[in-house]
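*Asks:* Structure, please.
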Amino acid sequence: MNVKNRLRIEDIFIKNYRSFSPNGELVNGFSGINIFVGPNGVGKSVFFNAIRYCLDWNSFNAQGTYDLKRNFNDPKKSIEIIINVDAPQGKPSRSQLVQRPNTEMPVREPDPKAEPFFKQRTFPIGIPRKFPDFQKPTHPVQYKHICGNWKVIRQDAKKYMDITLPVKCPSKRNDDRIFFDIKDENGALLLEGSDGKANFLFMIFSIRKWEPGSVIFIEEPEVSMHPGLQKQFLSYLKELSQKENYQFLVSTHSPYLMNLAVTDEWDDISIFRLSKDAHGHTKIRLDEEHDQSWVILSDLGHSPADVLHANGIIWVEGPSDLIYLDVWIKKLASDLRRGKDYEIMWYGGSNFVQIGTEDEQKIRTIFWQNKETPQKLISLFSLNPNWAFIVDSDSDKESDRTAKARATFTTINEKKDAFIRECKAKGKYTWKVDPFIEECMQERGNRPKGKSKVEWAHEYKRDVMANNSFDDRLSSTARNKVEELISVIRKWH
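*Replies:* Numbering: from 1, shown residues only. Below is the predicted model:
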């Protein structure tokens, strides 16, 4: 990654500013994209305003009633805000502000290069969407920068919003709506159409005013955005961070942005949880292992039923089937993420328990012969509208010893076939494995006595995941079916 012109925040220290403790709070662990979440009133806007205050930008909120005296948590102590950065060679690496009690003007970093440098490389984006800074002659970025970046702005709008902007940059207006005259493909004015699209477009223009490698902090970008547009927006930020070295600090109430950040395999995304301690002081903690995900969602007012973590669910008969299938998908489609793109669950156990307590094979027989089975399965599938159904073919040789046994397994397979037809009628993917998932492996050998199916499956998983070559570990027929399933997963959204 080219870091020659990159500016990146490394840590921020805030002391005695509004809801921050007089003893100070250090925030570190920053990545390319940083998501700040928490309920209303815990200090998200205060945190962002502290950054703005240190960099001599105005406040996001409370413009009409803002009182400098209220900035002091303890009126007898000084405010101190320090932003340490990884800066290009020869540039300031710190922006520091000290505001003493009973003084109107803060004391900033004495380096005369620091303030204009940081102000030109860090930019706040707030709501509502307006463009007054394009017109101010004192602003470090003028209208000409928009014209200079018009080509890439058009590319971004087309790629992420499917909006075709005019080839020529629009004329500068005297008001704050520089794109007022831009129309969509239907002739409607963009800024008078979808607020969500107008907001996304505003973000693109605001970010592209600044050179790659800059720091952008954004307050609640999800305003008016459809969830699908929010996902596109996070993808947009990810591409800008990966390819052009932008760093983003984003405050949000959106579970979609947070959940995407949690499940994304890219490791340059950080989530910070904001809360208040017993003294009412704002605390900011990095969620390093994502173990606070549901706590964060609860903070936002959500329950588990409000959020579907996976795009779809693959239903298999038992736990060993789950292990095998998960390994195959990981090896054949490493870009798909379990828990985000798909989840695998097994339907056998929970339903078998409802039907009887006899040995597994007898329960399996009763399960598929029971007239309530289809409805029991359908009730499970309703957990997610996107699902696939996988079932073994019950014609194994050990059980196929007598005419009665053959008749029993014929009946079971007829029941399974009928249910599969019902699934297909609903447009759902099905795979009847013949005869068992375990027999899709090549050169596996027989399961040793005393070792359970699950233990045997875990051993296979360890072996395959440690082995770079996978070509000889799965039969060609099974591989084709798994690839079919993968194509189905890719359509889930």
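*Asks:* From here on, just use CA atoms for contacts and neighbour counts.
*Replies:* Fine.
*Asks:* ok, Val464 - how many residues close by?
*Replies:* Here the count is done by other Cα atoms under 10 Å, and Val464 has 17 residues near it.
*Asks:* cool, and Glu459?
*Replies:* Glu459 has 11 nearby residues by other Cα under 10 Å.
*Asks:* Model confidence score at it, please.
*Replies:* pLDDT recorded at Glu459 is 85.
*Asks:* And for Phe179?
*Replies:* 62.
*Asks:* tell me the contacts of Phe72?
*Replies:* Asn16, Tyr17, Arg18, Ser78, Ile79, Pro101 (Cα atoms under 8 Å, 6 or more residues apart in numbering).
*Asks:* what helix or strand is the last one on?
*Replies:* What that stands for is Pro101. Assigned by DSSP states H and E, Pro101 belongs to no helix or strand.
*Asks:* I'd assumed Lys77 was in contact with it.
*Replies:* Yes - with contacts counted by Cα atoms under 8 Å, Pro101 reaches Lys77, the gap being 6.3 Å.
*Asks:* of the contacts of Phe72, closest to Lys113?
*Replies:* Nearest to Lys113 among these, counting by Cα to Cα, is Ile79 at 22.2 Å.
*Asks:* quick one: least confident helix or strand in the chain?
*Replies:* Of all the helices and strands that make up the chain, helix 348-355 has the lowest average by mean pLDDT, DSSP states H and E, namely a mean of 44.
*Asks:* Buried residues in stretch 445-461, which are they?
*Replies:* Of the residues in stretch 445-461, Lys453, Val454, Ala457, His458, Tyr460, Lys461 count as buried by neighbour count, 16 or more other Cα atoms under 10 Å.
*Asks:* Which secondary structure state is assigned to the third one?
*Replies:* Three-state assignment for Ala457 (DSSP: H, G, I helix; E, B strand; the rest coil): helix.
*Asks:* leaving aside the residues next to it on the chain, what's closest to it?
*Replies:* Computed as Cα to Cα, 6 or more residues apart in numbering, the closest residue to Ala457 that is not its neighbour in sequence is Ser320, at 5.6 Å.
*Asks:* and the one you found, what does it touch?
*Replies:* Lys453, Val454, Ala457.
*Asks:* Please apply the same query to Ile437.
*Replies:* The contact partners of Ile437, taken as Cα under 8 Å, 6+ apart, are Asp321, Tyr324, Asp392.
*Asks:* In helices, which of those residues fall?
*Replies:* Within these, residues falling in helices by DSSP state H are Asp321, Tyr324.
*Asks:* out of the contacts of Ile437, who's nearest Gly32?
*Replies:* Tyr324 (35.2 Å).
*Asks:* How about that closest one: what's its closest non-neighbour residue?
*Replies:* That would be Ala457: by Cα to Cα, 6+ apart, it lies 6.5 Å from Tyr324.
*Asks:* separation between Tyr342 and Leu485?
*Replies:* Distance, Tyr342 to Leu485, using Cα to Cα, to the nearest Å: 11 Å.
*Asks:* now do Met441
*Replies:* Remark: distance between Met441 and Leu485 (Cα to Cα) = 17 Å.
*Asks:* follow-up on the earlier one: mind checking which of the contacts of Phe72 land in strands?
*Replies:* Ile79 (DSSP state E).
*Asks:* of the contacts of Phe72, closest to Glu244?
*Replies:* Ranked by distance to Glu244 (Cα to Cα), the contacts of Phe72 are led by Tyr17 at 32.9 Å.
*Asks:* Quickly check the contacts of Phe72 for the two that are furthest apart.
*Replies:* With distances taken as Cα to Cα, the most widely separated pair in those is Arg18 and Pro101, at 12.9 Å.
*Asks:* Which of those two has more residues huddled nearby?
*Replies:* Between Arg18 and Pro101, counting by other Cα under 10 Å, Arg18 is the more crowded of the two (23 against 16).
*Asks:* Quick check, that one in contact with Arg70.
*Replies:* Yes - Arg18 lies in contact with Arg70 (Cα under 8 Å); the separation is 6.6 Å.
*Asks:* got the phi/psi numbers for Lys283?
*Replies:* phi -120, psi 140 (degrees, to the nearest 10).
*Asks:* contacting residues for it?
*Replies:* Lys283 makes contacts with Phe20, Glu25, Leu274, Ser275, Lys276, Asp277, as judged by Cα under 8 Å, 6+ apart.
*Asks:* quick one: contacts for Glu211?
*Replies:* Contact analysis of Glu211 by Cα under 8 Å, 6+ apart lists Arg121.
*Asks:* Please repeat the previous calculation with a cut-off of 10 Å.
*Replies:* Contacts here follow Cα atoms under 10 Å, 6 or more residues apart in numbering; on that basis Glu211 touches Asn5, Arg6, Gln120, Arg121, His145, Asn149, Glu244, Asn245, Tyr246.
*Asks:* ok, how many other residues are close to the fourth one?
*Replies:* Spelled out, that is Arg121. 19.
*Asks:* From Val85, how far out is it?
*Replies:* 11 Å.
*Asks:* List the residues that are in contact with both of those two.
*Replies:* What both Arg121 and Val85 touch, as defined by Cα under 10 Å, 6+ apart, is the set Arg6, Leu7, Arg8.
*Asks:* OK, contacts around the second one?
*Replies:* It stands for Leu7. 85-88, 91, 93, 118, 121-122, 212-215, 245-247.
*Asks:* With adjacent residues omitted, what lies nearest to it?
*Replies:* With Cα to Cα, 6+ apart as the criterion, Leu7 has its nearest non-adjacent residue at 4.7 Å, and that residue is Ala87.
*Asks:* pLDDT score for that neighbour?
*Replies:* 92.
*Asks:* Can you report how many residues lie near it?
*Replies:* Ala87 has 20 nearby residues by other Cα under 10 Å.
*Asks:* Could you check how far it is from Met203?
*Replies:* 24 Å.
*Asks:* For Ser275, pull up the helix or strand it's in.
*Replies:* For Ser275, the host element (DSSP H and E) is strand 269-276.
*Asks:* Parallel or antiparallel, list what pairs with that strand.
*Replies:* Within its sheet, strand 269-276 is paired with strand 33-37 (parallel), strand 282-286 (antiparallel), according to DSSP bridges.
*Asks:* how near is the closest residue to Arg94 other than its chain neighbours to Pro22?
*Replies:* Nearest non-adjacent residue to Arg94, counting by Cα to Cα, 6+ apart: Asn84, 4.6 Å away. With distances taken as Cα to Cα, Asn84 is found 20 Å from Pro22.
*Asks:* of the two, who's got more company?
*Replies:* Using other Cα under 10 Å as the criterion, Asn84 and Pro22 rank with Pro22 on top: 21 against 17.
*Asks:* That one is in contact with His281, isn't it?
*Replies:* Yes - with contact defined as Cα atoms under 10 Å, Pro22 reaches His281; the gap is 9.0 Å.
*Asks:* list the residues that contact both of those two?
*Replies:* What both Pro22 and His281 touch, as defined by Cα under 10 Å, 6+ apart, is the set Asn16, Asn73.
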